[in-house]
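**Student:** My questions are about this predicted structure, shown below with the sequence.
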Amino acid sequence: MRPVYMISGGITKFKKAHPDKDFRFMVKEAFDYAMTGLPLLKADMIDGSVGSYFSDHFTRQLKAASMVQDYLGLCPRPSKRVEGGGATGGLCFQAAWESIASGRMKVCLAFGFETMSRVSTWKGNEFIAHASDTNFDYPVGGFYTGYYAMMVRRHMHEFGTTVEQMAMVSIKNHKNAVYNPYAQSPMELTIEDVRRSLMVATPLTMLDICQMSDGAAVAILASEEVAGRVCHRPVKITGVGCGTDSMRMADRPRGKVILLPHEREEDYKELEYPGVHSFRGGRMAAKLAYEMAGIRNPIEELDFIELHDAYTSSEIQTYEDLGLCRYGEGGRFVEEGTPFMPGIDYGLKLPKQGTIPVNPSGGLLAFGHPVGATGLMQAVMAFWQLQGTIEKHLGNDKLQVKGARRGLIHSHAGTGTYITASILEAV
Amino acid sequence: MPEEFKLPETEEGTVLFNIDPIIIKDHYEIDYIHSYAQDSPFFAGLSKGKLLGSRCTGCGYRYATPRCHCMQCGKKTEWFELPLEGTVHTYTTCYFGGEAFIKETPFTLVLVEFPGVDTFLLSRLIGVKPEEVKIGMQVKARFLRLSKFRATDVYFVSAEETCRK
């Protein structure tokens, strides 16, 4: 495998609706931003692309990625669309990585978008619910928030996780977004605000859940030779991992924890795993990415993480899957302040604030979640973090993780059915 | 005189939300011809008041939600009758939902755990207040008399003495 670098990225603002621009125009905007930042890369040096969008229902246009390909002027070069629910963006990033690593391309564009504003929020929830088993799950519940609510209810039962700990994730991510002009939902919140907002599916309230968004993002990946030639500060992709789990939560087995190098079997003597309280696919993705990148103790060896927080609860569950803490410790991990940004006042007492910032961008909860763009947005944010150029792109440096050398991005599809983890490093 | 060609005009019109940019209502609907295929006996079972699960003929793994082939070893499964009583593995009460389900809210979802069965069944719990649902509570299956051949033909109610209606 050849080494692979990210050499540029671009994003549109994520917002409730972008009626003035269709998906092609949104991607073009993000693409132009990425190209402007890299004048030595000419459009004819792009060998091909991978497109990412989740739902043909939302787009109401099959093969929409091929319309982007022609809009960007990339025909007749190779392209394909990848789709894997909420993990679509992460899978797209890794597909672009594969095309460089294999030697098939020297420069590959990964682009993603979603236009969710084309239906009402509740029709949108119905569309998304068609990503669950349509014989056994959709007709009974038909609602992903309901599925995640059941998962966290079990997490609370197994480990004593509290709704207040979940609310702290919401406070963190919404506050981080205050410093991110691309973000959809910047907010300053208290635990009471989160708990008193509308109950959606017990115990998850409206402020525990991400919103519907329109937006686009692109990442440009390249071989070492091209990266060295056109990019002043390329970022190396040193690890990729992907994991899966059964479509139906009801089918999740109860066996042994997949261990990371810093864990021991004795840590989890009584734990039935993954059940519905944890994402086995997330643990598999992390394990594979860590092995490739040579990471043995993630919390020591990573400087920041952008993870898929469609729900406050899934952020807590994901701390554990990624091995930032042991299974069962995710609630305490956020309560102690470990994943909060340093230097920002969240209105909370946080003894371990700034240890390892998680979702400095605001995450899905506050940056937004235009599904096909989300995993690529994480790549762009990680790229800017590792280049040390957050101030240049966001207009302020509050979200810059100082001296960041290595970050992880994590993309996740409904109830953990597809999950990707990718490691990016400054060079 | 040369023949003139002209489309006939109609008066359906278009629902218009906005003109800059132009945003219109664009209707779309479809009826699928859906086969339950190898899972059909499960739905037939519901119409007879039976819950059918799958037991692997190779490794013996027992599924509460059916599948024709075993996820553990790949061998074919056979049908077996699940008990009609189980316990709540986890639960939630939904106050919102997909548009098709909004009119049914609030409703309570449960994953039901059956003794000696390795996987769960997603269903609805009826007749228990949201704050009274507990992990571990005993529940029993009830079936619609007029089957719709949907997974909602079965639902659960409390089987605990204190909650018995």
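**Tutor:** Everything's here; your move. Because the structure is predicted, anything quoted here is derived from the model rather than measured. Numbers count the residues shown, from 1 in each chain, chains lettered A, B, ... in the order given.
**Student:** From here on, just use CA atoms for contacts and neighbour counts.
**Tutor:** Fine.
**Student:** Report pLDDT for residue 84.
**Tutor:** Chain wasn't specified; assuming chain A. According to the prediction, residue A:84 has pLDDT 97.
**Student:** Chain B is the one I meant
**Tutor:** For residue B:84, the predicted pLDDT is 98.
**Student:** Tally up the residues packed near it, please.
**Tutor:** 14 (other C-alpha atoms under 10 Å in any protein chain shown).
**Student:** That one contacts residue B:140, doesn't it?
**Tutor:** Yes - counting by C-alpha atoms under 8 Å, residue B:140 is a contact partner of residue B:84 at 5.6 Å.
**Student:** Return the alpha-carbon coordinates of the helix or strand containing residue B:17 using PDB.
**Tutor:** According to DSSP states H and E, residue B:17 maps onto strand B:16-19. Below are the C-alpha coordinates for strand B:16-19, written out as PDB (Å, rounded to 0.1, in the frame of the first residue of the first chain):
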ATOM      1  CA  LEU B  16     -46.000  27.400  -4.700                       C
ATOM      2  CA  PHE B  17     -44.100  28.200  -1.500                       C
ATOM      3  CA  ASN B  18     -41.600  30.800  -2.700                       C
ATOM      4  CA  ILE B  19     -40.500  32.500  -5.900                       C
END
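**Student:** elements contacting that strand?
**Tutor:** Using 3 or more C-alpha pairs under 8 Å, 6 or more residues apart in numbering or on different chains; DSSP states H and E as the contact test, the elements touching strand B:16-19 are strand B:22-24.
**Student:** Could you list the residues in contact with whichever helix or strand comes after the strand it packs on?
**Tutor:** The element immediately downstream of strand B:22-24 (helix or strand, assigned by DSSP H and E) is helix B:40-47. Applying C-alpha atoms under 8 Å, 6 or more residues apart in numbering or on different chains, the external contacts of helix B:40-47 come out as B:51-53, B:66, B:143-147, B:149-151, B:153-154.
**Student:** Now restrict those residues to buried residues only.
**Tutor:** Listed as buried from the contacts of helix B:40-47 are B:51-53, B:66, B:143, B:147, B:149-151, B:153-154; burial here means 16 or more other C-alpha atoms under 10 Å in any protein chain shown.
**Student:** rewinding a little: looking at the contacts of helix B:40-47, which is nearest chain A?
**Tutor:** Set against chain A, the nearest of the contacts of helix B:40-47 by C-alpha to the nearest C-alpha is residue B:151 (5.7 Å).
**Student:** Next up, the contacts around the residue nearest to that closest one when sequence neighbours are not counted.
**Tutor:** For residue B:151, ignoring the flanking residues on the chain, the nearest one in space by C-alpha to C-alpha, 6 or more residues apart in numbering or on different chains is residue A:136 at 5.7 Å. Shown in contact with residue A:136 (C-alpha under 8 Å, 6+ apart): B:65, B:122, B:151.
**Student:** again, 10 Å this time
**Tutor:** Listed by C-alpha atoms under 10 Å, 6 or more residues apart in numbering or on different chains, the contact set of residue A:136 reads A:142, A:248, A:250, B:65-66, B:121-123, B:150-152.
**Student:** same question, residue A:386
**Tutor:** A:233-236, A:303-304, A:380, A:400-407, A:424-427.
**Student:** tell me the mean pLDDT for the one helix or strand it maps to?
**Tutor:** Taking DSSP H and E as the criterion, residue A:386 maps to helix A:371-387. For helix A:371-387, mean pLDDT is 98.
**Student:** After that helix, heading C-terminal, what element do we hit next?
**Tutor:** Counting by DSSP H and E, what follows helix A:371-387 is helix A:390-394.
**Student:** Restricting to C-alpha, output that following helix in CSV.
**Tutor:** Taking Å, rounded to 0.1, in the frame of the first residue of the first chain, the C-alpha atoms of helix A:390-394 are listed here in CSV:
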residue,chain,number,x,y,z
ILE,A,390,-8.3,26.7,12.3
GLU,A,391,-8.0,30.5,12.7
LYS,A,392,-7.5,31.0,9.0
HIS,A,393,-10.6,29.0,8.1
LEU,A,394,-13.0,29.8,11.1
